[in-house]
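Visitor: sequence and predicted model, in that order:
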Amino acid sequence: MRTSRGNVPLNRLLPFILLLVVFAFGLAFPLSNFFVVRPSVADVSKNPDFAPVAKILQSSCVDCHSVTPRLIAHPYYAAFPIARDTIARDMLEGQKSFKLTEDQVSGKELISSIDLAKITTVVEEGSMPPIRYKALHWDASLNAKQRAAILKYIESRRQ
């Protein structure tokens with residue numbers, strides 16, 4: 001029912017206001033990931049092909065695959081019960097298939113041939129990072145240049 005001034009009663013606006021609040025709250029999660037401070041590991045490999053790969057590993061892989069807690073950047077919502085459990089489960093799952101140490105990320109230690117084969121597969125398939133991770137970490141997706149840099153490094157290791 002409209003008043004003589006054309007105002008809409010609050011009870012009719014309430015569902016829209018609630019929807020807007022839920023939308024804003026949901027958008028806060030992925031946006032907040034842009035402000036997560038991630039520790040930086042210097043590339044000590046002296047291999048120009050590895051330098052871009054080291055950065056990619058740090059931005060897109062270590063959160064689930066690192067066995068070095070210092071490298072993992074947790075967002076603020078990681079303390080929430082549902083998010084905490086999901087993140088812990090994803091990390092365990094990620095580390096079952098592939099583990100990264102700080103020495104590997106820095107280039108001090110080489111990534112094994114078996115792990116390089118695993119990386120090649122997921123880069124070529126485009127299956128990593130998984131969609132669920134990319135949904136909240138918008139900057140984690142690998143672009144064509146990053147995929148090419150990873151594959152170039154792996155190819156250089158085969159020679």
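Guide: In hand now; what should we look at?
Visitor: what residues does Leu151 make contact with?
Guide: Thr120, Val123, Glu124 (Cβ atoms under 8 Å, 6 or more residues apart in numbering). Where C-beta positions appear, they are placed from N, C-alpha and C, glycine not excepted.
Visitor: narrow the residues you listed to those in helices?
Guide: When DSSP state H is applied, the contacts of Leu151 are split such that Thr120, Val123, Glu124 fall in helices.
Visitor: re the thing from before, kindly reformat the contacts of Leu151 as JSON lines containing pLDDT, distance to Ser156 and neighbour count.
Guide: Putting those into JSON lines (pLDDT from 0 to 100; distance: Cβ to Cβ, whole Å; neighbours: other Cβ atoms under 10 Å) gives the following:
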{"residue": "Thr120", "pLDDT": "97", "distance to Ser156": "13", "neighbour count": "15"}
{"residue": "Val123", "pLDDT": "95", "distance to Ser156": "15", "neighbour count": "19"}
{"residue": "Glu124", "pLDDT": "95", "distance to Ser156": "17", "neighbour count": "11"}
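Visitor: next one: stretch 7-19 to chain centre, how far?
Guide: Distance, stretch centre to chain centre, for stretch 7-19: 37 Å (Cα atoms, centre = their mean, to the nearest Å).
Visitor: what do you get for stretch 151-159?
Guide: 24 Å.
Visitor: now do that stretch, average pLDDT.
Guide: For stretch 151-159, mean pLDDT rounds to 91.
Visitor: avg pLDDT for stretch 14-23?
Guide: 77.
Visitor: now what about that stretch, what contacts it?
Guide: Nothing outside stretch 14-23 qualifies as a contact, by Cβ under 8 Å, 6+ apart.
Visitor: show me where this protein has helices.
Guide: 10-32, 51-60, 62-65, 81-97, 102-106, 113-125, 131-136, 144-158.
Visitor: could I get the ones you listed in JSON lines, plus columns for distance to Ser40?
Guide: Formatted as JSON lines, the helices of the chain follow (distance: least, Cβ to Cβ, whole Å):
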{"stretch": "helix 10-32", "distance to Ser40": "20"}
{"stretch": "helix 51-60", "distance to Ser40": "7"}
{"stretch": "helix 62-65", "distance to Ser40": "11"}
{"stretch": "helix 81-97", "distance to Ser40": "20"}
{"stretch": "helix 102-106", "distance to Ser40": "10"}
{"stretch": "helix 113-125", "distance to Ser40": "21"}
{"stretch": "helix 131-136", "distance to Ser40": "20"}
{"stretch": "helix 144-158", "distance to Ser40": "17"}
